[in-house]
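*Asks:* only geometry, no sequence info:
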């Protein structure tokens with residue numbers, strides 16, 4: 001279990017969380033390969049959070065790597081001055097009295113592990129993406145995605161202090177963080193439309209300690225970087241270079257001075273994951289029992305995962321994952337905008353859900369002998385004359401409105417949008433005169449439309465099931481969104497031949 005008292009993560013900590021996850025997973029590979037009992041025992045003690053219901057530890061799974069902008073430890077205590085100074089995290093005075101810092105998941109990385117674990121793909125989620133929260137957090141129904149954690153945490157801590165005035169600060173902080181984790185996971189699920197099976201989180205001081213155990217890390221820069229006084233990072237030359245633990249933290253924290261700000265910072269975090277995995281695989285770390293024990297010791301103190309995640313089973317599956325088999329993308333944005341007085345990213349939620357679903361769960365290729373099935377068609381006039389009512393019987397908040405909006409873009413008329421009782425699978429029903437439209441809409445969901453006397457003439461009723469998403473076959477769902485590039489501000493990092501990508 002992770003004990004209270006460990007410091008919390010800071011800016012850009014999702015990259016650090018991913019780094020910790022890779023370190024721990026690599027160490028676990030060694031444990032399941034037959035290392036001594038005490039190593040296995042130490043691995044089993046990593047965990048600590050009951051914020052979510054965990055999914056499987058073997059087979060296909062989605063893992064959220066997240067971190068906080070926080071200058072306090074898990075007990076709510078401000079970090080020691082020497083750590084704050086070393087990590088360019090402000091002063092104790094500023095944190096206590098001037099509002100420096102907070103509790104926001106400034107960076108989030110969602111990784112999909114397919115069955116077998118030989119390859120993986122991840123999406124960085126820009127912290128400024130403006131979203132609708134799956135429920136109200138501290139009076140807020142919308143905001144930047146990084147706010148969900150802090151808002152939920154603040155709400156929970158306020159409730160606890162009112163209801164239990166004698167509760168210790170450490171218990172208030174622990175339950176507040178648990179509420180924050182649950183909110184962050186739920187918000188990512190709502191945005192992406194996929195279920196999160198596990199999460200990993202590492203704090204600021206923990207990242208620093210892990211980096212020291214590894215002796216720093218190698219990175220590659222496209223050009224020299226002048227001193228960034230916010231993060232403390234600088235580089236006098238371009239190309240490959242080794243960073244010590246302090247500069248490694250500054251590298252993944254920097255956003256000021258980068259052409260595309262946070263979007264460029266996500267590339268650094270992606271590159272950092274690739275670099276650490278490369279180092280673990282090629283520099284003998286896995287064969288060094290002293291380093292393995294040191295990694296596990298730090299992980300037990302600082303790494304937080306959902307308690308239902310069996311890391312030993314997970315490591316067994318991850319034996320063959322290398323940096324070359326872990327690809328990254330950054331979720332696209334449509335535009336920069338000022339929303340509710342904040343500088344934020346406008347995003348196309350239906351398109352994001354379509355993109356993530358297609359990337360994580362690609363449709364199987366038809367066999368050579370399979371005959372193509374005829375596609376249902378409907379004329380523009382028929383679509384315009386059809387009213388579509390959408391009811392959400394699944395678990396993804398707001399999905400009915402997203403599906404309705406996508407269908408409207410495809411030429412149908414919007415009807416009722418609401419929730420309904422839970423359904424195992426999606427149903428498409430149609431009334432008199434709407435058979436063609438019903439068949440077309442049903443084909444988008446991979447189901448068969450059914451005539452129903454309960455549905456009004458000229459109407460199609462869509463009852464979304466548990467696993468429903470915005471259908472990828474809706475071309476209009478992404479018509480106004482930018483395409484996902486492989487390079488540039490919104491693209492993934494370019495992988496170099498040696499597995500360590502060069503970034504800004």
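*Replies:* Structure's in. What do you need? In this text, all values refer to a predicted model and were calculated from it rather than measured experimentally.
*Asks:* Please count neighbours and contacts with C-alpha atoms only from this point.
*Replies:* Noted.
*Asks:* Tell me which stretches of the stretch 351-500 of the chain form helices.
*Replies:* For the stretch 351-500 of the chain, the helices defined by DSSP state H, counting those that start in this stretch cover 380-384, 399-409, 435-445.
*Asks:* of these, which approaches residue 215 most closely?
*Replies:* Between residue 215 and these, the tightest spacing by C-alpha to C-alpha is seen for helix 399-409, at 46.2 Å.
*Asks:* Give me the contacts around the closest one.
*Replies:* 349-350, 388-392, 413-415, 417-419, 464, 469-471, 474, 476-477 (C-alpha atoms under 8 Å, 6 or more residues apart in numbering).
*Asks:* could you give me the average pLDDT of it?
*Replies:* Regarding helix 399-409, the rounded mean pLDDT is 82.
*Asks:* can you pull the buried residues of that helix?
*Replies:* 399-409 (16 or more other C-alpha atoms under 10 Å).
*Asks:* and the angle for it with helix 435-445?
*Replies:* Computed by axes from the mean of the first three to the mean of the last three C-alpha atoms, to 10 degrees, the angle separating helix 399-409 from helix 435-445 equals 120 degrees.
*Asks:* Just give me how far helix 399-409 sits from the chain centre.
*Replies:* 24 Å (C-alpha atoms, centre = their mean, to the nearest Å).
*Asks:* quick one: residue 130 and residue 349 touch, right?
*Replies:* No: the criterion here is C-alpha atoms under 8 Å, and residue 130 misses it with residue 349 at 9.9 Å.
*Asks:* Sort out for me which of the contacts of helix 399-409 are in strands.
*Replies:* Those of those mapping onto strands are 388-392, 413-415, 417-419, 464, per DSSP state E.
*Asks:* Among those, name the buried ones.
*Replies:* Among those, those scoring as buried are 388-392, 413-415, 417, 419, 464 (criterion: 16+ other C-alpha under 10 Å).
*Asks:* Just flag the most distant two among those.
*Replies:* Farthest apart among those by C-alpha to C-alpha are 413 and 419. That separation is 18.6 Å.
*Asks:* Grab the nearest non-local neighbour of residue 453.
*Replies:* Closest residue to residue 453 apart from its sequence neighbours, by C-alpha to C-alpha, 6 or more residues apart in numbering: residue 431 at 6.3 Å.
*Asks:* Got phi/psi on the one you found?
*Replies:* The phi/psi pair for residue 431 (degrees, to the nearest 10) reads phi -100, psi -170.
*Asks:* Leaving out the residues flanking it, which one is nearest to residue 352?
*Replies:* residue 192 (6.1 Å).
*Asks:* got the phi/psi numbers for that neighbour?
*Replies:* Residue 192 adopts backbone torsions of phi -90, psi -20, taken as degrees, to the nearest 10.
*Asks:* Tell me how far it lies from residue 345.
*Replies:* 15 Å (C-alpha to C-alpha, to the nearest Å).
*Asks:* likewise residue 408?
*Replies:* Distance, residue 408 to residue 345, using C-alpha to C-alpha: 24 Å.
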